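Novice: Based on what follows, work out the 3D shape:
(chains A, B, C and D)
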Number of protein chains: 2
Amino acid sequence: MPGPEPKQPTAARERIVDSAYELFSRRGIRAVGIDEVIERAAVAKATLYRHFKSKDELVLAFLQRREDVWTKGTVEAGARGRASSPEEQLLAIFDVFDDWFREPSFDGCSFIKVLLETSDTGHPVGRASVTHLANIRSILRSMAEEAGLEDPDGFAHKWHILMKGSIVAAGEGDLEAAQRAKSIGRLLLDEHRPPVTAA
Amino acid sequence: MPGPEPKQPTAARERIVDSAYELFSRRGIRAVGIDEVIERAAVAKATLYRHFKSKDELVLAFLQRREDVWTKGTVEAGARGRASSPEEQLLAIFDVFDDWFREPSFDGCSFIKVLLETSDTGHPVGRASVTHLANIRSILRSMAEEAGLEDPDGFAHKWHILMKGSIVAAGEGDLEAAQRAKSIGRLLLDEHRPPVTAA
DNA sequence: CGCGGACGAGACAGACCGGTCTCGTCGATG
DNA sequence: CATCGACGAGACCGGTCTGTCTCGTCCGCG
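Specialist: Numbers count the residues shown, from 1 in each chain, chains lettered A, B, ... in the order given. Coordinates of the predicted model:
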């Protein structure tokens, strides 16, 4: 019996996830083979399959890593760090995007890519993508609540539409996509701002 | 010598493109093999390769078909048929989307899917996707001009962001994505409407 | 010191891929 | 009627994929 699954961050396991992150985020899931992952990680194939029982499980670990690094580390932290007021933080998301879109290594949104590649929301990988996308919206909803906006959930859904639309546009090559989305965002903010109450 | 490429719409060629359309639009490019395409088309493999020199060329033909059927046939014609004024036609795009998102066989935007699957705008297939997406914007620009909106090109880019964002949201399962995008669109329309000139 | 588990290297299996080729048939055309 | 090209069926090839297995090594812990 091969014993229980080692979920501790072994050095080898870490190298595998790092490698998967760089390859999957840039080129997608199907376009990257296991052999390439293990070669870049300098790891034996058996080692990968000791830590992950299938490629799909590795993909799940990659998506979780993406949420930690990108969703929380880049987008949320970046936006919160660039502005003080909640409304400005929401708008600052598109400033973060503007820098991101201009990086030569811009790779798009992994959750969208994996979701469209899977095209089956019943499959674990597809469901995980949907969940990670929903987690982004939950951050947006918190920010909307902090800003005192009306209908924070509806606002989060609409704001997310702007984010996703601009990311796809950036994937087409539109370097101004973030600024376009930001200007639409300002209109949306006006719309969801509660009316000033008479003193 | 196998003679010049027959580009005429032979019966067999038509069946192949039909089959590719149904399979590729639903499940993407990489997930569908040639064998499945020819089986559904009831065609021999050699026949497919007599009409298309590679799978990539078949994908190109599929994308062209998608533009004819979906971009022009469903979206543009649908929007123009549902309203009379150009502004209302632009908004009607999201009414078309609303019906589309609710279809059980909703399959998303093939151009986005193929673009993200390819993730190489240098590759012919990726470049074709970018072009077909740009063709959608050119329809939007025409409508914006007909509506007398300011900055028709900028407007088209922003409107397209709403469209793409809502399609991705629908892919996640948000059935109200079209209505959300439509309400944002109304704000954008207000913004691009030229100020009324004093008589 | 000795043992066991994690590890690297890589062969191997089984499935599937895109693409080529052969062959027998059918239908239109001269 | 004879011919020729398009076609359907399917064998075949080389490559790639995920996943399993073996083997030799090394390191840490008792």
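Novice: From here on, just use CA atoms for contacts and neighbour counts.
Specialist: Fine.
Novice: Tell me how many other residues crowd residue A:105.
Specialist: Look at residue A:105: counted by other CA atoms under 10 Å in any protein chain shown, it has 9 neighbours.
Novice: The helix ranked longest in chain A packs against which elements?
Specialist: Secondary structure of chain A read by DSSP state H shows that its longest helix is helix A:124-146. Using 3 or more CA pairs under 8 Å, 6 or more residues apart in numbering or on different chains; DSSP states H and E as the contact test, the elements touching helix A:124-146 are helix A:55-66, helix A:86-102, helix A:110-118, helix A:152-172.
Novice: again, only this time at 10 Å
Specialist: Contacts defined by 3 or more CA pairs under 10 Å, 6 or more residues apart in numbering or on different chains; DSSP states H and E place helix A:124-146 against helix A:55-66, helix A:86-102, helix A:110-118, helix A:152-172, helix B:152-172.
Novice: any chance of the ones you listed in CSV, with mean neighbour count, mean pLDDT and distance to residue A:127 too?
Specialist: Putting these into CSV (neighbours: other CA atoms under 10 Å in any protein chain shown; pLDDT from 0 to 100; distance: least, CA to CA, whole Å) gives the following:
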stretch, mean neighbour count, mean pLDDT, distance to residue A:127
helix A:55-66, 18, 98, 10
helix A:86-102, 20, 98, 25
helix A:110-118, 24, 98, 8
helix A:152-172, 24, 99, 18
helix B:152-172, 24, 99, 9
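Novice: Which of those helices sits closest to residue B:117?
Specialist: Closest of those to residue B:117 is helix A:110-118, at 6.8 Å (criterion: CA to CA).
Novice: Would you mind measuring from the one residue sitting closest to the centre of chain A to DNA strand D?
Specialist: Against the mean C-alpha coordinate of chain A, by CA atoms, centre = their mean, the closest residue is residue A:71 at 4.6 Å. Taking CA to the nearest atom of the strand, to the nearest Å as the measure, residue A:71 falls 25 Å from DNA strand D.
Novice: quick one, what contacts that residue?
Specialist: Counting by CA atoms under 10 Å, 6 or more residues apart in numbering or on different chains, residue A:71 makes contact with A:64, A:65, A:77, A:78, A:109, A:132, A:133, A:135, A:136, A:139.
Novice: Hmm, the last one is touching residue A:76, no?
Specialist: Yes: Residue A:139 sits in contact with residue A:76 when judged by CA atoms under 10 Å, with a separation of 7.6 Å.
Novice: Neighbour count: these two, which is higher?
Specialist: Ranked by neighbour count (other CA under 10 Å), residue A:139 and residue A:76 place residue A:76 first, with 20 against 15.
Novice: I'd like the distance between the residue nearest to the centre of chain A and residue A:111.
Specialist: The spacing between residue A:71 and residue A:111, counted by CA to CA, to the nearest Å, is 10 Å.
Novice: before we move on, back to that, okay if I get the helices and strands packed on helix A:124-146 as a markdown table plus distance to residue B:118?
Specialist: Formatted as a markdown table, the helices and strands packed on helix A:124-146 follow (distance: least, CA to CA, whole Å):
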| stretch | distance to residue B:118 |
| --- | --- |
| helix A:55-66 | 19 |
| helix A:86-102 | 18 |
| helix A:110-118 | 10 |
| helix A:152-172 | 11 |
| helix B:152-172 | 17 |
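Novice: List the residues that contact residue A:119.
Specialist: Neighbouring residues of residue A:119 by CA under 10 Å, 6+ apart: A:113, A:125, A:126, B:26, B:27, B:28, B:31, B:107, B:108, B:113, B:171, B:172.
Novice: check these against DNA strand C, which are close?
Specialist: Counting by CA under 7 Å from any atom of the strand, residue B:31 from the contacts of residue A:119 sit close to DNA strand C.
Novice: Quick check: residues of chain A near DNA strand D?
Specialist: Close to DNA strand D, as judged by CA under 7 Å from any atom of the strand, chain A has residues A:30-35, A:45-46, A:49, A:53-56.
Novice: Restricted to helices, list those residues.
Specialist: A:34, A:35, A:45, A:46, A:49, A:55, A:56.
Novice: any low-confidence regions in chain A?
Specialist: Within chain A, the ranges that satisfy pLDDT under 70 run A:1-8, A:198-199.
Novice: so which residue of it comes closest to DNA strand C?
Specialist: In chain A, no residue comes nearer to DNA strand C than residue A:43, which is 3.5 Å away by CA to the nearest atom of the strand.
Novice: residues making contact with stretch A:191-199?
Specialist: Contacts for stretch A:191-199 (CA under 10 Å, 6+ apart): A:87, A:144, A:147-152, A:154-155, A:185, B:184, B:187.
Novice: can you pull the buried residues of that stretch?
Specialist: Within stretch A:191-199, the residues that count as buried by 16 or more other CA atoms under 10 Å in any protein chain shown are residue A:192.
Novice: so how far is that stretch off the chain centroid?
Specialist: When distances are taken as CA atoms, centre = their mean, to the nearest Å, stretch A:191-199 is centred 33 Å away from the chain's centroid.
Novice: now stretch A:55-74
Specialist: Its chain's C-alpha centre and that of stretch A:55-74 lie 8 Å apart, by CA atoms, centre = their mean.
Novice: do stretch A:41-54 as well
Specialist: With CA atoms, centre = their mean, you get 25 Å for stretch A:41-54.
Novice: what's the spacing between residue A:47 and residue B:160?
Specialist: For residue A:47, the distance to residue B:160 - CA to CA - is 46 Å.
Novice: same thing with residue A:54?
Specialist: 38 Å.
Novice: Could you do residue A:189 as well?
Specialist: Separation of residue A:189 from residue B:160 (CA to CA): 20 Å.
Novice: And residue A:191, by the same measure?
Specialist: In terms of CA to CA, residue A:191 sits 21 Å off from residue B:160.
Novice: Equivalent analysis for residue A:175, please.
Specialist: For residue A:175, the distance to residue B:160 - CA to CA - is 14 Å.
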